[in-house]
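A.B. asks: Predicted coordinates and the sequence they were generated for:
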Amino acid sequence: MHIKECIVSAPGKAILHGEHAVVHGKMALAVSLNLRTYLQLQATFTSKVCINLPNINAFLSWDVTVLNQLVPDSEGEICYLALDIELVRRLRDFVGIPNGALDTRSMAILAFLYIYISIFAGSGELPSLTVSVWSELPTGAGLGSSSAYSVCLAAALLSASGTIPSPLSDQENTARWGVAEMELINRFAFQGERIIHGNPSGVDNAVGTWGGILRYHSGKITPLSRVPMLRILLTNTKVPRSTKVLVAGVKDKMNKFPSIINPVLDSVDAISCTCEQTLSEMTSDSPTPEHYDILEELIDINQHHLNVMGVGHPALDNLCRVTLARGLHSKLTGAGGGGCAITLLRPETEHSVVQNTVQDLRECGYDCWETRIGAAGVQDTTVLVPLGVDDLSLH
Ligand SMILES: Nc1ncnc2c1ncn2[C@@H]1O[C@H](COP(=O)(O)OP(=O)(O)OP(=O)(O)O)[C@@H](O)[C@H]1O
Ligand SMILES: C[C@@](O)(CCO)CC(=O)[O-]
Ligand SMILES: [Mg+2]
């Protein structure tokens with residue numbers, strides 16, 4: 001079977017407001033980051049499927065003939081609107097992953113095999129290929145590493161199978177797909193997120209696919225076309241955590257104390273709405289110090305709410321204290337429980353204040369850097385060879 005080789009990339013994300021609440025039907029505001037995951041897909045004649053995941057130190061291969069036995073009997077197309085639980089079970093047995101195992105390698109391998117088999121099941125024959133993934137994103141830190149990974153897998157495998165055509169090139173030698181192809185990529189990526197997360201809202205894979213700044217509400221994606229250029233400091237506390245465990249923890253709290261937790265989620269929804277409204281006012285009028293005062297207060301209130309939901313961490317509390325001592329406001333971003341936080345920088349925030357804050361945070365043992373938001377969504381970067389991808393094909 002002939003397959004098309006490609007190199008694709010997708011961005012990570014930061015959630016401004018609405019993490020966790022968005023899983024329960026509330027609104028979230030999310031932005032793409034200038035940190036990306038890259039995937040190189042090579043056709044081979046070895047009758048093997050190989051996956052190289054250097055970020056998580058996983059290098060595996062399987063015989064295509066063995067994988068063929070896992071393809072569901074119907075041989076029809078697997079529905080990409082819902083997760084095929086029976087296929088997930090079969091893949092778990094095949095790779096030897098016990099039910100409930102949450103380790104990094106198991107989740108990444110399951111997501112790859114699931115998307116690979118579901119995309120090629122209908123073609124009657126699984127192809128032999130090598131997939132190598134390399135990322136600028138920290139893994140499992142709240143910046144959407146799982147969604148960037150799932151979006152890359154979906155885009156590359158759909159493109160290799162010919163299910164989506166080659167995208168059109170722009171002047172920057174990158175290429176983006178049309179709306180119908182992006183929707184398909186997003187749907188398959190969502191299945192990858194379901195395997196890694198358990199019960200994702202879909203906001204992360206939407207940002208990985210579409211890029212930019214998005215409003216996300218119950219599956220409805222609305223790109224915000226006019227937003228002020230926000231300056232954001234990203235800090236990684238380096239405290240490891242699992243999105244799946246944290247999302248399940250919030251659900252447990254909701255079940256235990258619905259009358260206490262539901263109003264908190266409603267309040268987070270109102271914070272996201274107020275933030276959206278403020279951002280829109282900042283673009284129609286000029287941004288004023290009062291607008292930034294509101295954005296800062298929303299950040300503080302939401303951080304308290306996230307602590308109430310049980311997804312805070314002492315390292316995040318410390319980070320908020322350290323930045324506030326310099327007059328800057330922070331909240332966790334993503335699933336919390338450690339991982340990353342965002343700090344809003346005001347236009348008038350002096351360079352020395354930023355430098356000193358970064359220094360303070362680094363002294364706490366955290367990684368800290370200023371980021372650019374609103375990067376492009378999934379792209380075919382076959383014509384550009386990103387740093388590091390050459391090395392991956394050596395494994
Ligand atoms: N570069 C990568 N290579 C292989 N697997 C990856 C890579 N990046 C992420 N993953 C998979 O995604 C998992 C991390 O997902 P998780 O959702 O817990 O964190 P995150 O996506 O970084 O944070 P958040 O969901 O809060 O934004 C890893 O355990 C691994 O299975
Ligand atoms: C915690 C969460 O809201 C955001 C993770 O980046 C989970 C999700 O929306 O799937
Ligand atoms: Mg994730």
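C.D. replies: Okay, I see it. Ligands and ions are numbered 1, 2, ... in the order given.
A.B. asks: Give me the distance between residue 148 and ligand 2.
C.D. replies: Using C-beta to the nearest ligand atom, to the nearest Å, residue 148 is found at 11 Å from ligand 2. Every residue, glycine included, has its C-beta placed from N, CA and C.
A.B. asks: which stretches of the stretch 51-200 of the chain form strands?
C.D. replies: Taking DSSP state E, counting those that start in this stretch as the criterion, the stretch 51-200 of the chain contains strands spanning 58-63, 129-135, 168-169, 175-176.
A.B. asks: The helix or strand that residue 319 is a member of close to ligand 1?
C.D. replies: Taking DSSP states H and E as the criterion, residue 319 maps to helix 314-324. No: applying C-beta under 6 Å from any ligand atom, one finds helix 314-324 out of contact with ligand 1, separated by at least 12.8 Å.
A.B. asks: Report the rounded mean pLDDT for that helix.
C.D. replies: Across helix 314-324, the average pLDDT comes to 98.
A.B. asks: How about the residue in the stretch 151-300 of the chain that ligand 1 sits nearest to, nearest residue that isn't a chain neighbour?
C.D. replies: Using C-beta to the nearest ligand atom, residue 243 is the residue of the stretch 151-300 of the chain that sits closest to ligand 1, at 3.4 Å. Among residues not flanking residue 243 along the chain, residue 335 sits closest, at 4.0 Å (C-beta to C-beta, 6 or more residues apart in numbering).
A.B. asks: before we move on, the earlier item: next, the buried residues of the helix holding residue 319.
C.D. replies: The neighbour-count check on helix 314-324 (16 or more other C-beta atoms under 10 Å) flags 315-316, 319-320, 322-323 as buried.
A.B. asks: Following element in sequence after the helix or strand harbouring residue 278, please.
C.D. replies: Here residue 278 sits within helix 258-284, counting by DSSP H and E. Using DSSP H and E, the helix or strand that follows helix 258-284 in sequence is helix 289-308.
A.B. asks: now check that following helix, is it near ligand 2?
C.D. replies: No: using C-beta under 6 Å from any ligand atom, helix 289-308 never reaches ligand 2; the gap is at least 9.6 Å.
A.B. asks: I would like the residues contacting that helix, please.
C.D. replies: Helix 289-308 is contacted by residues 17, 19-20, 261, 264, 267-268, 271, 274-275, 278, 281-282, 312, 316-317, 320, 329-332, 336, 342, 344, 346-348 when judged by C-beta atoms under 8 Å, 6 or more residues apart in numbering.
A.B. asks: hmm, try it at 7 Å
C.D. replies: The contact list for helix 289-308 (C-beta atoms under 7 Å, 6 or more residues apart in numbering) reads 17, 264, 267-268, 271, 274-275, 278, 281-282, 312, 320, 329-332, 336, 344, 346.
A.B. asks: just the strands of the stretch 51-200 of the chain: most buried one?
C.D. replies: Stretch with highest mean neighbour count among the strands of the stretch 51-200 of the chain: strand 129-135 (a mean of 23; mean count of other C-beta atoms under 10 Å).
A.B. asks: Any idea which residue is closest to the centre of this structure?
C.D. replies: Central residue of the chain (C-alpha atoms, centre = their mean): residue 144, 2.4 Å from the mean position.
A.B. asks: Just the pLDDT for the nearest residue to that residue once chain neighbours are set aside.
C.D. replies: Closest residue in space to residue 144, ignoring its immediate chain neighbours: residue 13 at 3.9 Å, by C-beta to C-beta, 6+ apart. On pLDDT, residue 13 comes in at 97.
A.B. asks: tell me the SS of residue 13?
C.D. replies: Here residue 13 is recorded as strand under DSSP: H, G, I helix; E, B strand; the rest coil.
A.B. asks: ok, what's across the strand from it?
C.D. replies: Judged by DSSP bridges, the bridge partners of residue 13 are residue 32.
A.B. asks: ok, and what's touching stretch 341-359?
C.D. replies: 14, 230-235, 287, 292, 295-296, 299, 316, 319, 323, 326, 328-333, 368, 370.
A.B. asks: same thing but at 8 Å, please
C.D. replies: With contacts defined as C-beta under 8 Å, 6+ apart, stretch 341-359 is touched by 14, 16, 230-235, 237, 287, 289, 292, 295-296, 299, 316, 319-320, 322-323, 326-333, 368-370.
A.B. asks: returning to what we had before: hang on, the residue nearest to residue 144 packs against residue 34?
C.D. replies: No: judged on C-beta atoms under 8 Å, residue 13 makes no contact with residue 34 at a distance of 11.1 Å.
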